[in-house]
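Engineer: quick one: sequence and predicted model below, then my questions.
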Amino acid sequence: MGSTLIDFAGDYGTPYSVYEAERDGEGKIKLSKTIFQPHAAQIEFFSATERHVLLHGNRGCGKSASLLWKAIQTAYLVPGSRVAIFRKTWPELQRSVWDELLKLPQASLSLSMLPTTR
């Protein structure tokens, strides 16, 4: 089973993309599958440094996926941090973020992540 690589700097493609990856016999990272590849607005959201960021858009534009990956990335970058995503009701949360979470490969949620430096 591979590990998950969050490519914050874009060393392997689009910044903030997430890949399933393994190290070969020489220790080099080999990408086997793209799990998440953000579009331009999502990259802007991920790279924002402001304390409060407004994320908006039409249905299906990737808001839920953005929030989910931002939470995962924050948990990875800030050891001991706690992240939460709220919606008004459980059915709303389930239809958006929860369903996105269940689509992720199990490796994406493990703690065995590869560093993003070559």
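Structural biologist: Perfect, thanks for sending it.
Engineer: hey, let's count contacts and neighbours off CA atoms from now on
Structural biologist: Fine.
Engineer: residue contacts, the spatially closest residue to residue 14 that is not a sequence neighbour?
Structural biologist: Nearest residue to residue 14 in three dimensions, chain neighbours excluded: residue 37, at 6.8 Å (Cα to Cα, 6 or more residues apart in numbering). In this structure, residue 37 makes contact with 14, 16, 17, 18, judged by Cα atoms under 8 Å, 6 or more residues apart in numbering.
Engineer: could you dump those residues to CSV with secondary structure and neighbour count?
Structural biologist: As requested, the contacts of residue 37 are exported to CSV (DSSP: H, G, I helix; E, B strand; the rest coil; neighbours: other Cα atoms under 10 Å):
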residue, secondary structure, neighbour count
14, coil, 17
16, coil, 25
17, strand, 22
18, strand, 24
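Engineer: now the residues you listed as JSON lines including pLDDT and distance to residue 73?
Structural biologist: Output for the contacts of residue 37, formatted as JSON lines (pLDDT from 0 to 100; distance: Cα to Cα, whole Å):
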{"residue": "14", "pLDDT": "93", "distance to residue 73": "15"}
{"residue": "16", "pLDDT": "92", "distance to residue 73": "9"}
{"residue": "17", "pLDDT": "93", "distance to residue 73": "11"}
{"residue": "18", "pLDDT": "90", "distance to residue 73": "10"}
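Engineer: what's the pLDDT at the residue nearest to residue 14?
Structural biologist: Looking at residue 37, its pLDDT reads 94.
Engineer: the strand or helix carrying residue 46 - what's its average pLDDT?
Structural biologist: When secondary structure is defined using DSSP states H and E, the element that contains residue 46 is helix 40-47. Helix 40-47 shows a mean pLDDT of 92.
Engineer: buried residues of that helix, list them for me.
Structural biologist: 42, 43, 45, 46 (16 or more other Cα atoms under 10 Å).
Engineer: state the distance from the last one to residue 61.
Structural biologist: Meaning residue 46. 15 Å (Cα to Cα, to the nearest Å).
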